[in-house]
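# 3D model of this:
(6 chains)
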Protein chains: 6
Amino acid sequence: MLVKEFIFKIEEKFPLSLQQDYDNSGIQIEGPNLELSNVIVTLDVTEQSVERAIETNAQMILSHHPMFFHPLKSIKSGNFRERMIYPIIMNSISVYSAHTNYDAAKNGLNDLLSEKLELKDVKPLMKMDDFGNGIGRVGYIRKQPIEEFVNFVKEKLESDHVKFAPAESRYVEKIAICSGAGSDLLDSVLSSDVDLYITGDLSYHEIAKAVQSGLSLIVVDHDETEKFFEDGMIDFANSFGIKTTKYHERFYWIL
Amino acid sequence: MLVKEFIFKIEEKFPLSLQQDYDNSGIQIEGPNLELSNVIVTLDVTEQSVERAIETNAQMILSHHPMFFHPLKSIKSGNFRERMIYPIIMNSISVYSAHTNYDAAKNGLNDLLSEKLELKDVKPLMKMDDFGNGIGRVGYIRKQPIEEFVNFVKEKLESDHVKFAPAESRYVEKIAICSGAGSDLLDSVLSSDVDLYITGDLSYHEIAKAVQSGLSLIVVDHDETEKFFEDGMIDFANSFGIKTTKYHERFYWIL
Amino acid sequence: MLVKEFIFKIEEKFPLSLQQDYDNSGIQIEGPNLELSNVIVTLDVTEQSVERAIETNAQMILSHHPMFFHPLKSIKSGNFRERMIYPIIMNSISVYSAHTNYDAAKNGLNDLLSEKLELKDVKPLMKMDDFGNGIGRVGYIRKQPIEEFVNFVKEKLESDHVKFAPAESRYVEKIAICSGAGSDLLDSVLSSDVDLYITGDLSYHEIAKAVQSGLSLIVVDHDETEKFFEDGMIDFANSFGIKTTKYHERFYWIL
Amino acid sequence: MLVKEFIFKIEEKFPLSLQQDYDNSGIQIEGPNLELSNVIVTLDVTEQSVERAIETNAQMILSHHPMFFHPLKSIKSGNFRERMIYPIIMNSISVYSAHTNYDAAKNGLNDLLSEKLELKDVKPLMKMDDFGNGIGRVGYIRKQPIEEFVNFVKEKLESDHVKFAPAESRYVEKIAICSGAGSDLLDSVLSSDVDLYITGDLSYHEIAKAVQSGLSLIVVDHDETEKFFEDGMIDFANSFGIKTTKYHERFYWIL
Amino acid sequence: MLVKEFIFKIEEKFPLSLQQDYDNSGIQIEGPNLELSNVIVTLDVTEQSVERAIETNAQMILSHHPMFFHPLKSIKSGNFRERMIYPIIMNSISVYSAHTNYDAAKNGLNDLLSEKLELKDVKPLMKMDDFGNGIGRVGYIRKQPIEEFVNFVKEKLESDHVKFAPAESRYVEKIAICSGAGSDLLDSVLSSDVDLYITGDLSYHEIAKAVQSGLSLIVVDHDETEKFFEDGMIDFANSFGIKTTKYHERFYWIL
Amino acid sequence: MLVKEFIFKIEEKFPLSLQQDYDNSGIQIEGPNLELSNVIVTLDVTEQSVERAIETNAQMILSHHPMFFHPLKSIKSGNFRERMIYPIIMNSISVYSAHTNYDAAKNGLNDLLSEKLELKDVKPLMKMDDFGNGIGRVGYIRKQPIEEFVNFVKEKLESDHVKFAPAESRYVEKIAICSGAGSDLLDSVLSSDVDLYITGDLSYHEIAKAVQSGLSLIVVDHDETEKFFEDGMIDFANSFGIKTTKYHERFYWIL
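Residues are numbered from 1 along each chain as shown, chains lettered A, B, ... in the order given. Below is the predicted model of the structure:
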């Protein structure tokens, strides 16, 4: 399959029209329209992921976070993002990103997470249309002590560490999730009757507010919810017979 | 010492003029001007800290985070913050908060942190005047591998867990710190020649950007840097012969 | 009847959804849910009205102007509005305000005024829905010299003084009214074919503009149109068997 | 004296640079540069004042309020302000306005008012420079009961009616004044130690706030403070031998 | 026909509701409602056109560009626009402008241009309604080399000079036009499949962008497209038996 | 000389700090730091200029207009600007732009123009510092009829066509110039006593306003004033022994 054909398939399933206003999903760097023998699937376009693409003779890097989320004003060697453009172009690599459209799409990241966590009757937290697309998800589990469910979450998300922030009432049944950073949705979740919200990148003050308002939280590292992008996209690419290489880069460790 | 006299002492040492524009430090609830037999020192004014104040017959709650950081539009029982006003007033308790003025002041929170971490030649990251007041601090340690220093930090801050995000060059010597949440200062730190930035509440994307730009990070939980507010204020109150009770509340645990 | 039940009745008849965007009608201070033996009805929550509530063992102050129209950033004794919170809470008094929702509602303040002034075919000046709710009112009187009608207005509103601003054509038949301060509606009235506008708090330049544009005015003191809030709310409370005490406070006198 | 020479004299004494940003003082309509045999002095340019100018063969209308305070988008007969342009131009009349520059200037309107009221040690409320120019004035009287002073004010300003709004403490000594409408200065006055503020066009809520905050008010009709513009400008014009006709128009009466 | 009757006819055919938000079409100066023996038709109201009106005893100037496009803050002799008001009023002349409503209206300026250039299947570039009103026009010509069509355009518009900016592909068939200055529409045209855009007042950078993006341009002087306002309005006035005088003023020449 | 050394020389003479806020002068694409055997000097970075750079083995394109004046959100083949990045990087070419800093600098573009036109006593129109840097220039010629001077301008600028817009008074002596597009400066020039303004890209309405306000204009095509960038930069590069190739591209012709 050619680069352009694969991009067409991605956009058919995860339409760019589903992305948020502030986002810049889609083609980042359009290289030659080569036959795809290998695709690097990764969360971020980094120098390491580019090196990996070169080593593996990949024709494409498929990332979750847009390489050009912030626009460019130059291509200089002193900037980590700008200096990657050189080897990418020199090696005829295309870069494509599927970010908030992948989060929001039916069968996208939040649906994958809901499935992992075995939620029932799953619906978008904020509906975008009548076809199951939307921001975040809400669903149900068997009513249980939150201490029981947090272990299940850690196991299913394969997380070594989570921040566990229980509110007074510790039985949980109605669960909201949001892949990546979920601050923007916190007020919506608080004004609903959700028992527990699972997301990443909440600040101390947001956690304090939620807990005192009666909402329990499991704050997972941002990339712990987003790593299923890699798995989902690898499955998707493989379904067209495209070989993939996963490159999962961590920027920090809990010590 | 009376409530008003103690407030006068606090504002003499940590002037309200040092607070940030967005902040609301100072008197939150002015109760009767009683003799201070006990003061609750805490990061946040919560129902638990109010209960503690009542149990211990405290005349004052002295918090780091302003109880009315966000203005009030009503006093209702359905809101965690608003419903605390009732018992506070019923029990003649005053509430006072010293937030960004305490962070910025000479001998305030960031200076306490610098001392804990044994930094040398400490200066504000962003100077406010010529008297040592300012936002954040920069100082020096003996040049050492970052792996060595991170253990020292954990030990000194008594942190069970930190996020350790090393950049390529792992020797560190010039250190920036910012108590609480340090996102606002990240660009300033990045455009300086600091080797390592220690702060709280950085997001995944901020960490990724810093590491790729060559800045190492130790991301400490927000309240791990702010708990020295409690120690500092207890010492300060004790110096006037005022008895204090520390109430350190945690909203989450790393599991 | 309990405090909460009475509030439910008020909001059923004068829904909060009818209030203007800038307004803050509704519960201001939620005290204990006591049996209502007495309610103070007043335009403004002032220290005098609070004293009156304490003297008369009232469980509620029901005001027209929201106590927290402007949000609070502290509760201090040096501020007239903030220091009332203490006695209100100490005496288990609830404070409720019905402002622009009461003005706009069918059978609310502007309808009461229209009735007082015996207007016919009364309609909202700015319609909000198809149920008679809306901002201001327009209606008709028998065509008559404005000098005749101004005396009728003074008598009906029991006003000692009004500002009488006649335009060139002094016969009036179509009348607009707006309780309280009517500046915001002036341009709407000017672009209609109303002969006379009765409202409060117009400035010199607004009066000059109206008169020169051919619109006559009767400018009544703000509280002269709003005092019918007291009468209306007393009738409303009495209809549930709740005893009331009217507290009408004047801040100034015409000398 | 020619029209242009007189304008030069006005601007020498009441420089346009003293006007507020929102104002439009200065030449409104520049007619032929005729010898000035008569000038109409008035607060507002109205059809009546224009008629008066024509009847008296005036070459100039000198007003306090700028005719073009709000910019023009057309010259039509259906608008009271626009249709005056026709007779003004047809009769070779110039229109000049001296508004906030006249209020602010040393020996301008607020200084005239201070003199009328026999204030001592008079200074601008908000200083503009070191030459006595500024917004509003503050001065002192012999300490006396406010009831005594209000009668003095009515007599000196020749006002039939004023709004008298006494705060709790009724002795007054330090007085602020602002000609015309003084809402903008209210917060400044409240944060000072002024006992009594004399101005025009305050709203019900502004009066209620001031009185409850401990500031007494005498609210005089807007044109009662501004009528001294007429007297002041007549004296000024006469000092150059220019004949004047005062046209004082009232738009309303207290009934 | 009287002035007001003719204005009624104009606004019936070219409704003011079709004008752009930023525009100020309609009556500029309303003189006496005289019988129209002569109307000056012109693009701009200038001192020369006013002189021409006086010489020809015209009762009206009918311009394309609104005399008061920018609002007035005074009527002074030192300003070219303001000083024309004097002779206009002295000579009982009315001024009326039909600008963007005339451009957008069916059978208005852009339709006249389309006809001149013999475009087929003409439609608005941006539709305003279902009646043929809208901004700009798009239509078709026989497919031909752009060099051939540019000569046709020059001949039909009687232009001595045009800026000819051909893109790579020089055959043209689908043509967009916009009378006056067409910068605002450039992005719309670029995102369509138009081959050639004919308009005025494009800057160097706009031309460079269009050509490099594959859009050919013919940039005609602003008044070369607008001069058909004069012809169209003369025909329109004549159809009511009103005599007209065309005054076409040029502000520059190509040397 | 190496690429970086030459850039250092440019920025020493035409400091980036002189650029306007909206501008993006400086390095656009940083290629390898090669020895400079040839530099393409051009106004715009276009596909043709890039081809020319490749044909001539140039290591650098030095343009007046910044390639990334508008920031980039992707690198795609469908966009004329983005698709040039590919061949530029593939051929190890650096791109550098000196735009408003070159205009403003002493001995920069406006000084070159002043010299060409033999202006005397030349000063910046808007001073930036005390060293001769600033926006636009003002200078003097021998007083002469504008018709005489316009021919001199055409000859000196080697322009085939200019727009000649004479105001009433046709003798000129004090001249303002602004390279490129001079709209932003028009109001400054109008409020000065300049007789004639020479610049590019003025619109019809700007020309009409200037002429009626008494300012004569010579509107030169944007690139007619900017082509001296090429000459100036070629001289500058040659002074370091760097070979250059001028590539002057025209996007349109006057027909």
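
# mind checking the SS state of A:Val172?
strand (DSSP: H, G, I helix; E, B strand; the rest coil).

# for chain A, which residue gets nearest to chain C?
A:Ser191 (16.1 Å; Cβ to the nearest Cβ). Any C-beta I mention is one placed from the backbone N, CA and C, and that applies to glycine too.

# how much space separates that residue from chain F?
34 Å (Cβ to the nearest Cβ, to the nearest Å).

# try A:Ser216
With Cβ to the nearest Cβ as the criterion, A:Ser216 and chain F are 39 Å apart.

# next up, the contacts around that residue.
Applying Cβ atoms under 8 Å, 6 or more residues apart in numbering or on different chains to A:Ser216 gives the contacts A:Ile146, A:Ala165, A:Pro166, A:Ala167, A:Arg170, A:Val172, A:Asp195, A:Leu196, A:Tyr197, A:Ala210.

# what pairs with it across the strands?
A:Leu196 (DSSP bridges).

# can you tell me the SS state at the one residue sitting closest to the centre of chain A?
Chain A has A:Glu226 as the residue nearest its centroid, 3.4 Å off, counting by Cα atoms, centre = their mean. Under three-state DSSP, A:Glu226 falls in the helix class.

# would you check that it makes contact with A:Ser63?
No - judged on Cβ atoms under 8 Å, A:Glu226 makes no contact with A:Ser63 at a distance of 10.6 Å.

# joint contacts of these two?
By Cβ under 8 Å, 6+ apart, A:Glu226 and A:Ser63 have these common neighbours: A:Leu43.

# the strands in chain A, which residues?
With strands called from DSSP state E, chain A shows them at A:26-29, A:39-42, A:60-63, A:94-97, A:120-127, A:134-145, A:163-165, A:171-181, A:196-200, A:216-219, A:244-247, A:253-254.

# Throw those strands into CSV and include mean pLDDT, thanks.
CSV is the format used below for these (pLDDT from 0 to 100):
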stretch, mean pLDDT
strand A:26-29, 98
strand A:39-42, 98
strand A:60-63, 98
strand A:94-97, 98
strand A:120-127, 97
strand A:134-145, 98
strand A:163-165, 96
strand A:171-181, 97
strand A:196-200, 97
strand A:216-219, 98
strand A:244-247, 97
strand A:253-254, 92
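
# the ones you listed into CSV, with extra columns for distance to B:Ala237?
Shown next, in CSV, are the strands of chain A (distance: least, Cβ to Cβ, whole Å):
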stretch, distance to B:Ala237
strand A:26-29, 56
strand A:39-42, 52
strand A:60-63, 53
strand A:94-97, 53
strand A:120-127, 45
strand A:134-145, 40
strand A:163-165, 30
strand A:171-181, 39
strand A:196-200, 38
strand A:216-219, 33
strand A:244-247, 54
strand A:253-254, 35
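
# need the residues of chain A near chain E, please.
With the criterion set to Cβ under 8 Å from any Cβ of the partner chain, chain A never comes near chain E.

# quick check: the residue of chain A nearest chain F.
For chain A, Cβ to the nearest Cβ, closest residue to chain F: A:Pro71, 3.5 Å.

# unless I'm mixing things up, that residue is touching F:Leu72, no?
Yes - under the criterion of Cβ under 8 Å, A:Pro71 makes contact with F:Leu72 at 5.9 Å.

# with neighbour numbers in mind, choose between these two.
F:Leu72 (19 against 12; other Cβ atoms under 10 Å in any protein chain shown).

# now do the contacts for the more buried one.
Taking Cβ under 8 Å, 6+ apart as the test, what F:Leu72 contacts is A:Phe68, A:Pro71, A:Leu72, A:Lys73, F:Arg81, F:Glu82.

# A:Val39 bridge partners, please.
Beta-bridge partners recorded for A:Val39 (DSSP bridges): A:Met60, A:Thr244.

# ok, now which ones touch it?
A:Phe6, A:Ala58, A:Gln59, A:Met60, A:Ile61, A:Leu62, A:Ala237, A:Ile242, A:Lys243, A:Thr244, A:Thr245.

# one more: A:Leu43?
Going by Cβ under 8 Å, 6+ apart, A:Leu43 touches A:Ser63, A:His64, A:His65, A:Asp223, A:Glu226, A:Lys227, A:Phe229, A:Glu230, A:His248, A:Glu249.

# same deal with A:Lys13?
A:Ala105, A:Asn107, A:Phe236.

# possible to save those residues as a markdown table with distance to chain C, neighbour count and pLDDT?
Output for the contacts of A:Lys13, formatted as a markdown table (distance: Cβ to the nearest Cβ, whole Å; neighbours: other Cβ atoms under 10 Å in any protein chain shown; pLDDT from 0 to 100):
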| residue | distance to chain C | neighbour count | pLDDT |
| --- | --- | --- | --- |
| A:Ala105 | 35 | 22 | 97 |
| A:Asn107 | 39 | 15 | 95 |
| A:Phe236 | 46 | 21 | 97 |
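
# looking at those, spot the one nearest C:Leu217.
Of all these, A:Ala105 has the smallest distance to C:Leu217: 60.2 Å, by Cβ to Cβ.

# quick one: the spatially closest residue to that closest one that is not a sequence neighbour from A:Ser97, how far?
On the basis of Cβ to Cβ, 6 or more residues apart in numbering or on different chains, the spatially nearest residue to A:Ala105 that is not a chain neighbour turns out to be A:Phe14, at 4.6 Å. Using Cβ to Cβ, to the nearest Å, A:Phe14 is found at 11 Å from A:Ser97.

# and the helices in chain A, which stretches?
Per DSSP state H, chain A carries helices over the ranges A:3-13, A:47-55, A:80-83, A:85-90, A:100-104, A:109-116, A:146-157, A:186-190, A:204-212, A:222-238.

# tabulate those (CSV), appending distance to C:His205.
Listed next are the helices of chain A as CSV, based on distance: least, Cβ to Cβ, whole Å:
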stretch, distance to C:His205
helix A:3-13, 59
helix A:47-55, 66
helix A:80-83, 57
helix A:85-90, 61
helix A:100-104, 51
helix A:109-116, 57
helix A:146-157, 63
helix A:186-190, 42
helix A:204-212, 46
helix A:222-238, 57
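
# surely A:Arg250 meets A:His222?
No - between A:Arg250 and A:His222 there is no contact under Cβ under 8 Å: 10.9 Å.

# higher neighbour count, the two?
A:His222 (22 against 13).

# enumerate every residue touching the residue nearest to the more buried one when sequence neighbours are not counted.
With Cβ to Cβ, 6+ apart as the criterion, A:His222 has its nearest non-adjacent residue at 3.3 Å, and that residue is B:Tyr204. Contacts for B:Tyr204 (Cβ under 8 Å, 6+ apart) come out as A:Gly180, A:Ala181, A:Gly200, A:Asp201, A:Asp221, A:His222, A:Asp223, A:Phe251.
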